[in-house]
Structures are given as structure tokens and as C-alpha cells.
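J.: here are the coordinates; sequence isn't available:
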């Protein structure tokens, strides 16, 4: 193994994402049109024109990032850049499954439609939020999360970069605790729910039902999954991990370190933004991470 595709999750979106592919590729145009038909709204309009406050809504953000990532994945593979392994951050794990031929594009989008809608509903019915905690060690994170009500680590992103998730007041109290114990920075995030926490449990049954209606195949390359940071190829295990991902933390730092142990040195961030490249600089600074969010970026990849 020497390279892996990494697929971003929520927070990587931006207005205008994917428009260059749509304007220059019949394949991309077809993917967007098919996605819009399946979703029941014009995904390309929201992706290309926003406005930002609409694009940031979970039910639009998730399919927008996924579709963009799948298109970039195809472009890279057409240039004969193919991964030895894949991983995706939260939502990005569905893009990774499509890349590894575990599920089809259409089936993944069906799941994401249900997942994003039900996560948004859970956020409305059980209001919660998330906060970034920077510069805290493991012991400090335990102290920060020891609040009345729900507060849990949600994204273990990089050394000293953790996102917590939970009930509104409890997260507010956790931020205050972080400041009291001298953590470098603690700030609330603009999100529509307490993702990767027990507050997402109402979305579990609808997600399970749609996933049970879809055929999962064994992966043709290892998929390093969020819930354990370890590789899987077995269809049943991958599916079970995807369900458990909803309420459990994203072990991203350990995922990259485990990819490193497998000999991965080159990473391609396949989709919008460059969040994962930034995390890689903290986790595995000797690695190479190539941002592949625009057509012009892919030209730089051709020489590798």
C-alpha cells in the first residue's frame, strides 16, 4: 500500500463546489441530474449558487458533498490514480463505500437522503450542538465532558483537536469548563445538531431500515471505518459499522495513524475543501496530501 483516498464530511462544503466539473463534463452533468431526480430538488442549484445558509442545512449539505466527492473519485481513477485503501470522515464514509464498490452511487444517495433528513429532524426534536476543543489532553477532555446532561467526544480529529457534541446547555457548560481549566481554545460550532452523540438515536431506526433494503458488497480494497479506525472488507461488518457510526465518535486521528502503519504515504482529499489535508499536517506531517476539489487541482495530480 502507498496511497489512500480520503473523503470529507460536513463542514467542507462551499458555495460553487462542483460547478467547474458540471460545466466541463457530461459525466458530472449526468451525475448531478440523476441526483436531483432522486432527491427531489435541484442539487446543482444549491451547490453552485447557495445561498450559504441553505447549503449548510444538513439535508442539503450531505448529498452536495457526497455527489461532488463521487465525481472527483471518478476523475482521479480515469487518470489512473487509484487508491490502495479508502476512508471517509463521517458522511465521507459513504463516498468511500462507493469508491470501494461496496454500494452503488444511487443506493448511497438513497441512504444519505434518509440519513440527512433524519439527522436534521433529530436536531430539531432534540436540540444540541457541537464545540471544538483545541489543545486539550485526554484527561482534560474527560473533565470537560463531565457535565449534567449529554456531552461526549464526537470527532477525535488530530492531536489536540477534538470536537464534542451534546445538549445545548451541557455543551455551553463544557466550553466554560474548558476555559476554566486552561485549555487553549474552546468554541461553539455552527451546526444543526449534536452529531455522533446519543441525541442522534432517533435517526437510527430509519437509517437501519433503508440500509437493510440495500445490497452491500464486499469491498474490493480496505475501508478504514470511523467507529474503530481499522480496515474492513466484509460487507456485513461494513454495514453494521455504518449504522453504529451515527451515535459514536469519528476516530479520525487513529484512522490516519493506522493507514500510516499500512505503508500509506500519499493521500488524496477527494471532494470539497481541504479540512482533511490540514488534519494530516498535524497527524502525519511527513505524508503528502493532495487537494482534489477542483479541476485545476487535478492537473497537479497528473504528474504523480
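T.: Nice, thanks for sending it over. Everything quoted here is computed from the prediction, not taken from an experiment.
J.: how about the strands in the chain?
T.: Here the chain has its strands, by DSSP state E, at 3-7, 85-88, 128-134, 151-158, 161-167, 185-188, 223-224, 231-232, 266-270, 288-292.
J.: can you list those strands in JSON lines and add mean pLDDT?
T.: Below are the strands of the chain laid out as JSON lines (pLDDT from 0 to 100):
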{"stretch": "strand 3-7", "mean pLDDT": "97"}
{"stretch": "strand 85-88", "mean pLDDT": "98"}
{"stretch": "strand 128-134", "mean pLDDT": "96"}
{"stretch": "strand 151-158", "mean pLDDT": "97"}
{"stretch": "strand 161-167", "mean pLDDT": "97"}
{"stretch": "strand 185-188", "mean pLDDT": "94"}
{"stretch": "strand 223-224", "mean pLDDT": "98"}
{"stretch": "strand 231-232", "mean pLDDT": "98"}
{"stretch": "strand 266-270", "mean pLDDT": "96"}
{"stretch": "strand 288-292", "mean pLDDT": "93"}
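J.: can you list the ones you listed in TSV and add mean neighbour count?
T.: All C-beta atoms are positioned from the backbone trio N, CA, C, and that covers glycine. Below are the strands of the chain laid out as TSV (neighbours: other Cβ atoms under 10 Å):
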stretch	mean neighbour count
strand 3-7	28
strand 85-88	28
strand 128-134	22
strand 151-158	22
strand 161-167	25
strand 185-188	15
strand 223-224	26
strand 231-232	20
strand 266-270	26
strand 288-292	20
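J.: TSV for these, including distance to residue 77?
T.: Shown next, in TSV, are the strands of the chain (distance: least, Cβ to Cβ, whole Å):
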stretch	distance to residue 77
strand 3-7	9
strand 85-88	12
strand 128-134	33
strand 151-158	27
strand 161-167	31
strand 185-188	38
strand 223-224	16
strand 231-232	20
strand 266-270	10
strand 288-292	11
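J.: out of those, nearest to residue 121?
T.: Between residue 121 and the strands of the chain, the shortest gap by Cβ to Cβ is with strand 128-134, which sits at 12.6 Å.
J.: give me the contact list for the closest one.
T.: Here strand 128-134 makes contact (Cβ atoms under 8 Å, 6 or more residues apart in numbering) with 141, 144, 150, 154, 160-168, 171, 174-175, 178, 183-189, 191, 193-195, 197, 199.
J.: per-residue pLDDT, residue 190?
T.: According to the predicted model, the pLDDT of residue 190 comes to 84.
J.: ok, now which ones touch it?
T.: residue 56.
J.: now swap in residue 22 and tell me
T.: Neighbouring residues of residue 22 by Cβ under 8 Å, 6+ apart: 28, 29, 32, 44, 48.
J.: gap between the closest residue to the fourth one other than its chain neighbours and residue 95?
T.: Spatially, and ignoring its direct neighbours in sequence, residue 44 is nearest to residue 32 (4.4 Å; Cβ to Cβ, 6 or more residues apart in numbering). Residue 32 sits 15 Å away from residue 95 when distances are taken as Cβ to Cβ, to the nearest Å.
J.: got it, and residue 191?
T.: Distance from residue 191 to residue 95, counting by Cβ to Cβ: 20 Å.
J.: show me which of the two is the more surrounded one.
T.: Neighbour totals were compared for residue 191 and residue 95, and residue 95 leads with 31 against 20 (other Cβ atoms under 10 Å).
J.: show me the residues around that one that make contact.
T.: 7, 65, 66, 69, 70, 73, 88, 108, 270, 271 are the contacts of residue 95 under Cβ under 8 Å, 6+ apart.
J.: among the residues you listed, who's most crowded?
T.: Counting by other Cβ under 10 Å, top hit in those: residue 271 with 35 neighbours.
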